[in-house]
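Peer 1: Sequence isn't available, so here's the structure alone:
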């Protein structure tokens with residue numbers, strides 16, 4: 001058990017992992033290099049621990065000591081207690097959930113390992129918005145997708161915002177990077193997957209016609225908000241597919257589109 005220690009100085013080096021959490025560029029460079037990520041909120045911290053991630057330290061405001069008492073009792077890492085104003089000064093935002101943990105990353109598996117035994121996977125290209133990425137992981141977990149594959153330029157699934165929006169689903173769904181892109185899509189196809197490229201193009205096939213009954217192994221490709229999949233990615237797919245729209249709407253937010261498409265490819 002780690003005995004909680006109260007910290008009153010925002011410059012205390014023990015708080016180093018939590019400095020400037022809203023500085024995306026800083027955290028993007030620093031967190032992977034130092035092998036850490038930040039879990040925010042009681043549920044997310046518990047899910048990270050349950051998934052086997054090791055805690056480096058925990059940062060709590062006083063009112064969360066009782067709620068996290070069992071976690072503290074089992075922790076082999078330091079637990080820092082700070083007032084809300086100090087937490088805001090250190091992190092750069094109001095930590096309304098009152099609980100943060102610095103966690104150690106695990107080695108990222110390769111695509112072949114993630115694909116082994118999978119039948120339904122999402123392939124994401126150029127997703128740089130952490131909110132959309134987190135929402136997609138949450139839908140992937142909820143709707144039974146087996147894995148997520150990311151192009152090299154996708155955002156980090158373990159960035160704090162992505163983890164928070166996913167409600168810890170990034171710990172439940174295996175993921176890997178596909179590099180080089182899009183040539184590495186051959187790895188997916190050679191494992192027996194049919195590649196479906198989601199696009200609003202009128203020439204695309206209605207996704208409903210390509211259900212799990214027709215495709216034993218499906219890789220559903222989605223692109224970034226706005227631009228969608230690039231032409232090389234669509235060209236590398238086996239079929240361009242679309243979600244039919246009504247009332248003159250041409251497309252959905254990528255997070256919403258992913259949820260609809262995941263349901264379509266996982267429902268018998």
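Peer 2: Arrived safely, thanks for sending. Keep in mind that what you see is a predicted model, and the values were worked out from it rather than measured. Numbers count the residues shown, from 1 in each chain.

Peer 1: Can you give me the neighbour number for residue 253?
Peer 2: 12 (other CB atoms under 10 Å). To be clear about C-beta, it is placed using only N, CA and C from the backbone, and glycine gets the same treatment.

Peer 1: Contacts only, for it.
Peer 2: If you count contacts by CB atoms under 8 Å, 6 or more residues apart in numbering, residue 253 has them with 132, 225.

Peer 1: Per-residue pLDDT of it, please?
Peer 2: Residue 253 carries a pLDDT value of 88.

Peer 1: do the same with residue 218
Peer 2: 94.

Peer 1: what's near enough to touch it?
Peer 2: 119, 120, 121, 193, 194, 196, 210, 212, 265.

Peer 1: what bridges to it?
Peer 2: With DSSP bridges applied, the residues forming beta bridges to residue 218 are residue 120, residue 194.

Peer 1: ditto for the one 4 residues further on
Peer 2: Beta-bridge partners recorded for residue 222 (DSSP bridges): residue 124.

Peer 1: isn't it right up against residue 136?
Peer 2: Yes: using CB atoms under 8 Å, residue 222 makes contact with residue 136 at a distance of 7.4 Å.

Peer 1: if we take the contacts of residue 218, which one ends up nearest to residue 106?
Peer 2: residue 121 (19.5 Å; CB to CB).

Peer 1: Nearest to residue 141 among the contacts of residue 218?
Peer 2: Closest approach between the contacts of residue 218 and residue 141, by CB to CB: residue 120, at 12.0 Å.

Peer 1: Tell me, how many residues neighbour the closest one?
Peer 2: 20.

Peer 1: residue contacts, it?
Peer 2: Per CB under 8 Å, 6+ apart, neighbours of residue 120: 144, 145, 146, 212, 217, 218, 220, 262, 265, 266.

Peer 1: Roughly how far does it sit from residue 215?
Peer 2: Distance of residue 120 to residue 215, given as CB to CB, to the nearest Å: 9 Å.

Peer 1: Nearest residue to residue 188 in space, please, no chain neighbours.
Peer 2: residue 219 (5.0 Å; CB to CB, 6 or more residues apart in numbering).

Peer 1: Now do the contacts for that neighbour.
Peer 2: By CB under 8 Å, 6+ apart, the neighbours of residue 219 are 121, 122, 123, 149, 188, 189, 193, 194, 195, 196.

Peer 1: just checking, residue 166 touches residue 134?
Peer 2: Yes: with contact defined as CB under 8 Å, residue 166 reaches residue 134; the gap is 4.0 Å.

Peer 1: Name all residues that sit in contact with these two at the same time.
Peer 2: In contact with both residue 166 and residue 134: residue 157, using CB under 8 Å, 6+ apart.

Peer 1: picking up where we left off before, which of the contacts of residue 120 lies closest to residue 238?
Peer 2: Among these, and counting by CB to CB, the member closest to residue 238 is residue 218, at 9.8 Å.

Peer 1: how much space between the closest one and residue 160?
Peer 2: Taking CB to CB as the measure, residue 218 falls 31 Å from residue 160.

Peer 1: Repeat that for residue 67.
Peer 2: Distance from residue 67 to residue 160, by CB to CB: 20 Å.

Peer 1: same check, this time on residue 10
Peer 2: From residue 10 to residue 160 the distance is 19 Å (CB to CB).

Peer 1: Likewise for residue 130?
Peer 2: 8 Å.

Peer 1: thinking again about what came up before, which one in the contacts of residue 120 is the model shakiest on?
Peer 2: residue 212 (57).

Peer 1: which one of the contacts of residue 120 is nearest residue 201?
Peer 2: Nearest member of the contacts of residue 120 to residue 201, counting by CB to CB, is residue 220, at 15.7 Å.

Peer 1: What helix or strand is the spatially most central residue of the chain located in?
Peer 2: The centre of the chain sits closest to residue 157, judged by CA atoms, centre = their mean, with a distance of 3.4 Å. Assigned by DSSP states H and E, residue 157 falls within no helix or strand.
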